[in-house]
Each structure stands twice: as C-alpha cells, then as structure tokens.
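# how does the following fold in three dimensions:
(one chain, ligands or ions: 1)
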Amino acid sequence: MRRPFVAGNWKMHGSRAENAQLVDALLQGLPAQAPADIAVCPPFPYLWETGKLLKSSIIELGAQSVCAEAMGAFTGEVSAGMLRDVGCKYVIVGHSERRAIYREDDALVARKFLAAQSQSLVPILCVGETLEEREQGNTTSVVSRQLNAVLDVAGVGALANAVIAYEPVWAIGTGKTATPEQAQEVHAHIRAAVAQQDAKIAAGLRILYGGSVKAANAREIFAMPDVDGGLIGGASLKADEFLKICAAAQAH
Ligand code: PEP
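I've put the predicted structure just below:
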C-alpha cells in the first residue's frame with residue numbers, strides 16, 4: 001500500500017503575511033488524521049519561517065529547487081545542506097519551468113537529484129512532455145529519457161527515497177488537465193520502467209500527477225491505480241482548494 005502524497009508548489013508567490021494566513025488556514029482545516037502525506041514548497045526566503053509555522057504539524061516543508069554543488073562560489077544558488085539546515089524534507093528537481101526557462105538539462109537535473117539525496121532530502125523528480133512532443137507521439141520516450149538520466153547516475157535504489165511527479169508541460173498552469181486515463185497511461189509506463197530494474201522499488205514508488213489539479217478534478221485523477229497524489233501549483237495557494245485536494249488523496 002502506497003501512502004498518497006500531496007505537495008504544494010507555491011512557485012514565486014506569497015509574502016510573510018500571506019504565507020502565515022495560508023498556513024494558518026491549512027492547519028485549521030486539516031483533520032487530525034490526514035489521508036496523505038502533505039508538504040508545501042515556499043520560495044527560498046520563506047522556508048525557515050514557514051517551517052516554524054508548520055512545526056509539530058503534519059505538513060512538511062519542501063523547496064522548489066537546489067544547487068547541484070555542495071558549497072562555494074555559486075552566487076545566487078542554495079545548497080542541499082542549507083535546505084536541510086532550515087528544515088526541508090523534500091526538494092523539487094527538474095520542474096518544467098526550471099527545464100524550459102532556466103535551461104536545466106537532464107544531466108543537471110540528475111546532479112541536483114544526487115545533491116539532494118546526499119543531504120538526505122527526498123527529491124521530487126518532475127518529468128513530462130511538451131504538447132509538441134505529445135502530438136508527435138513521443139510522450140513515453142521523453143519521460144523515459146528524463147527518468148533514465150537520473151537512473152543512470154543514481155541507480156534504481158535511489159528511487160526508494162524519492163518521489164516522481166509526472167507533469168505534462170501543456171497542463172501546467174494552463175487549466176488543461178490530462179484526463180485520468182492519460183495520466184494513468186504515463187504513470188503505468190514509469191512504474192513499469194522502474195520495475196524492469198527493481199519490482200519492489202517500483203511497487204513502493206510514489207508517482208504524483210501535476211498539471212492544473214484542483215478540487216473539482218483531484219478525486220478522479222487520484223483514483224487511478226498508479227497515481228499516488230499530486231504536485232499542486234496554483235491551487236495550493238488557496239487553502240480551501242488545497243485542503244479539498246488533500247482530502248481527495250487515495251491509497252492504492
Ligand atoms: C506545478 O507547478 O507543478 C503545477 C502542477 O502547477 P499547476 O497546478 O498550477 O498547473
């Protein structure tokens with residue numbers, strides 16, 4: 001049985017006051033026994049304070065990116081050790097906005113994945129195809145390439161302490177959601193690819209769906225057998241939406 005996981009990616013939104021309000025509303029609204037593991041990923045400057053607000057709660061802290069290097073002259077970057085130091089448990093690597101806007105390629109994403117695990121952070125590895133790649137029939141080959149870039153350097157054993165998020169680029173922030181069947185097809189492909197190397201790790205691997213998930217569509221997507229929760233962007237900024245999405249999480 002895989003425990004579902006719902007993570008909120010706040011992206012570059014929020015302020016100290018807004019974050020405090022959002023966290024307060026989440027903590028008030030969550031049942032004592034949440035049906036899923038839950039995390040929020042605020043921007044770097046807010047990690048420490050948000051972590052303090054979340055202290056002793058069931059909501060855990062994640063970051064949105066990490067430097068591949070451990071320390072040194074890398075102006076503007078934040079290391080995995082620093083994220084650990086301020087209380088992060090998770091870090092997103094390979095988000096499509098990082099891949100597309102900041103030109104992070106598969107090799108760099110793989111190095112970030114390793115950097116995260118070297119500090120005992122749990123990477124949330126994002127994979128997903130663009131609309132053009134889907135229309136050309138390349139969805140599974142793109143996702144496999146992104147996954148293999150990490151498996152080649154980290155080994156399949158590394159997935160015992162990682163989460164994968166399938167996020168079709170055409171569905172992120174667009175209001176277009178993959179159908180539950182489209183999501184399931186790719187999630188099943190990812191799990192089968194991992195199972196070829198290690199069936200036990202594949203069976204325990206949490207594969208989240210991300211891309212315009214909201215309260216109105218979460219339940220049907222999360223009901224698919226290989227969908228283990230979601231990585232939520234826009235809807236994670238609204239407490240009532242995010243709480244309903246968390247409530248829709250289902251164990252498989
Ligand atoms: C994301 O940023 O990972 C994401 C899924 O965004 P949204 O939910 O807004 O599409």
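
# quick check on the closest residue to the ligand within the chain: phi, psi?
Distances between the chain and the ligand by CB to the nearest ligand atom are smallest at Gly233, namely 2.1 Å. All C-beta spots, glycine's among them, are computed from the backbone N, C-alpha and C. Main-chain dihedrals, Gly233, degrees, to the nearest 10: phi -90, psi -100.

# isn't it up against Lys11?
Yes - in this structure Gly233 lies within contact range of Lys11 using CB atoms under 8 Å: 6.1 Å.

# quick one: the helix or strand hosting Ile92 near the ligand?
Using DSSP states H and E, Ile92 sits within strand 90-93. No - Strand 90-93 does not reach the ligand (CB under 6 Å from any ligand atom); its nearest approach is 7.6 Å.

# list the strands paired with that strand, with their directions.
Partners of strand 90-93 in the sheet, by DSSP bridges, are strand 59-63 (parallel), strand 122-127 (parallel).

# now do the buried residues in that strand.
90-93 (16 or more other CB atoms under 10 Å).

# next: stretch 153-170.
Buried positions in stretch 153-170, judged by neighbour count with 16+ other CB under 10 Å: 154, 156, 158-159, 162-170.

# which ones among those residues map onto helices?
Ala154 (DSSP state H).

# keep the buried residues of stretch 153-170, but drop any that are not near the ligand.
By CB under 6 Å from any ligand atom, the members of the buried residues of stretch 153-170 lying near the ligand are Glu167.

# number of residues surrounding Phe74?
Neighbouring residues of Phe74 were enumerated by other CB atoms under 10 Å; the total is 12.

# surely it meets Val66?
No - using CB under 8 Å, Phe74 is not in contact with Val66; the gap is 11.3 Å.

# spell out the secondary structure type for the residue nearest to Pro123 when sequence neighbours are not counted.
Spatial nearest neighbour of Pro123, excluding adjacent residues (CB to CB, 6 or more residues apart in numbering): Ala116 at 4.3 Å. Secondary structure assignment for Ala116 (DSSP: H, G, I helix; E, B strand; the rest coil): helix.

# ok, how many other residues are close to Ala116?
29.

# tell me the pLDDT at it?
Among the per-residue scores, Ala116 holds a pLDDT of 98.

# residues touching it, list them.
By CB atoms under 8 Å, 6 or more residues apart in numbering, the contact set of Ala116 is 66, 80, 83, 91, 93, 122-123.

# switch to 10 Å and redo it
Residues counted as contacts of Ala116 (CB atoms under 10 Å, 6 or more residues apart in numbering) are 63, 65-66, 68, 79-80, 83-84, 88, 90-93, 122-125, 161-162.

# next one: Val91
Contacts of Val91 (CB under 10 Å, 6+ apart): 41, 61-66, 78, 80, 83-84, 112-113, 115-117, 119, 121-125.

# do Ile92 as well
By CB under 10 Å, 6+ apart, the neighbours of Ile92 are 7, 9, 39, 41, 62-66, 98, 112, 116, 123-126, 163, 165, 167, 210, 231.

# let's see it at 6 Å
41, 64, 124 (CB atoms under 6 Å, 6 or more residues apart in numbering).

# and the protein, which residues reach the ligand?
Counting by CB under 6 Å from any ligand atom, the chain sits next to the ligand at 9, 167, 172-173, 210-213, 231-235.

# strands of the chain, start to end?
5-9, 37-41, 59-63, 90-93, 122-127, 163-166, 206-210, 229-232 (DSSP state E).

# quick check: Gly72 vs Ala160, distance?
30 Å (CB to CB, to the nearest Å).

# typo on my end, Gln28
From Gln28 across to Ala160, the span is 34 Å (CB to CB).

# what of Thr75?
34 Å.

# circling back: test my guess that the residue of the chain closest to the ligand contacts Trp10.
No - the criterion here is CB atoms under 6 Å, and Gly233 misses it with Trp10 at 8.2 Å.
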